[in-house]
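Asker: structure of the sequence below:
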Amino acid sequence: MNVRYFKFGLMAAAIFLLVACEKGRSAKPMPLTSEMETLEFLAPDCASGDDCTSVAITREVFAGQPALNEAIQRQLLQQLQGNGGESGTTGDGSLEDVAEAFIAEAAQAADISAAPWDLSGEAKTLGRRGNLLTVEVSTYIYSGGAHGMPATHWLNWDLTADKEVTLDDVIKPQQEMAFWELVEAAHKRWLDKQKADDDFRNNWPFARTEDFRFDDEGMVLLYGVYTLAPYSSGFVELKVPREALNTVVLAPYLAQK
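Answerer: Coordinates of the predicted model:
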């Protein structure tokens, strides 16, 4: 297997924004520096990924943030092994191991799959609000058939606490049902915007997701393909306005800018 390894600097970010705390205290500003790391793998005796099995993985590596880097690596591995961490995937091993296994599997299927297989992954900063960093982890797997399968996960990381932030962490106690009612209302608005008929609404009912991020307008929730709509619709984003979140989301997360 041919391996190409690239490392190039990303513009260092030193962001000095204050984070509101529940007790009214200000968190210490957290400067953040990173660089992009790219790994490329090609099937043996292959000069170009255009006509043979290839694997390309790019990830942002943050200086002095081992726990964050490990979480990104684990999520990348899960998705590269099974579209978002489905059953049977653990996030263990290495990116090289995953690439080798994919290329070996493609070689075994060469007689029944005319099109070259493709595996790609990318992890990069999507946004930052105060010391809450959102990293987007995206992957694409093509192993024959009509089309490949994309998967995307938004990893929210508290730079002050040095840990992942989940939906359970941001929703106020006893407000989970009220929160999902707001999201379901956003789903209905999305359906109306799509001018979805009754058949579409019945075949693609509302579902919950764990992927979210905050922006200036409120909260955005991400849904993968085949979750709220057919493959052709791609990823679906539902938006809940900031003013509606005040009663269900903890104030510090809404205060960050």
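Asker: CA atoms of stretch 232-239 as PDB?
Answerer: C-alpha atoms of stretch 232-239 as PDB (Å, rounded to 0.1, in the frame of the first residue of the first chain):
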ATOM      1  CA  SER A 232     -31.300  13.100  -2.500                       C
ATOM      2  CA  SER A 233     -32.100  15.700   0.100                       C
ATOM      3  CA  GLY A 234     -28.700  15.300   1.700                       C
ATOM      4  CA  PHE A 235     -28.200  16.400   5.300                       C
ATOM      5  CA  VAL A 236     -31.000  18.300   7.000                       C
ATOM      6  CA  GLU A 237     -30.500  21.200   9.400                       C
ATOM      7  CA  LEU A 238     -33.300  22.300  11.800                       C
ATOM      8  CA  LYS A 239     -33.000  25.700  13.500                       C
END
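Asker: W117: how many residues sit nearby?
Answerer: Using other CB atoms under 10 Å, W117 has 22 neighbouring residues. (Each C-beta comes from the backbone N, C-alpha and C, glycine too.)
Asker: contacting residues for it?
Answerer: Shown here is W117, whose contacts under the criterion CB atoms under 8 Å, 6 or more residues apart in numbering are T53, S54, F102, I103, E105, A106, A109, Y142, S143, G144.
Asker: A178 belongs to a helix?
Answerer: Yes - using DSSP: H, G, I helix; E, B strand; the rest coil, the assignment for A178 is a helix.
Asker: just give me the neighbour total for it.
Answerer: Neighbour tally, A178, other CB under 10 Å: 13.
Asker: distance of the nearest residue to it once chain neighbours are set aside relative to L167?
Answerer: Of all residues not flanking A178 in the chain, V248 sits nearest, at 5.1 Å (CB to CB, 6 or more residues apart in numbering). Per CB to CB, to the nearest Å, V248 is found 11 Å from L167.
Asker: for R201, same thing?
Answerer: Separation of R201 from L167 (CB to CB): 25 Å.
Asker: repeat for S138
Answerer: Going from S138 to L167 by CB to CB gives 20 Å.
Asker: check which residues of whatever helix or strand A101 lives in are buried.
Answerer: Assigned by DSSP states H and E, A101 belongs to helix 95-108. Across helix 95-108, burial judged by 16 or more other CB atoms under 10 Å covers L95, V98, A99, E100, F102, I103, A106.
Asker: other residues contacting it?
Answerer: Under the criterion CB under 8 Å, 6+ apart, residues 1, 3, 39, 41-43, 53, 55, 57, 73, 76-77, 80-81, 113, 116-117, 119, 121, 143 lie in contact with helix 95-108.
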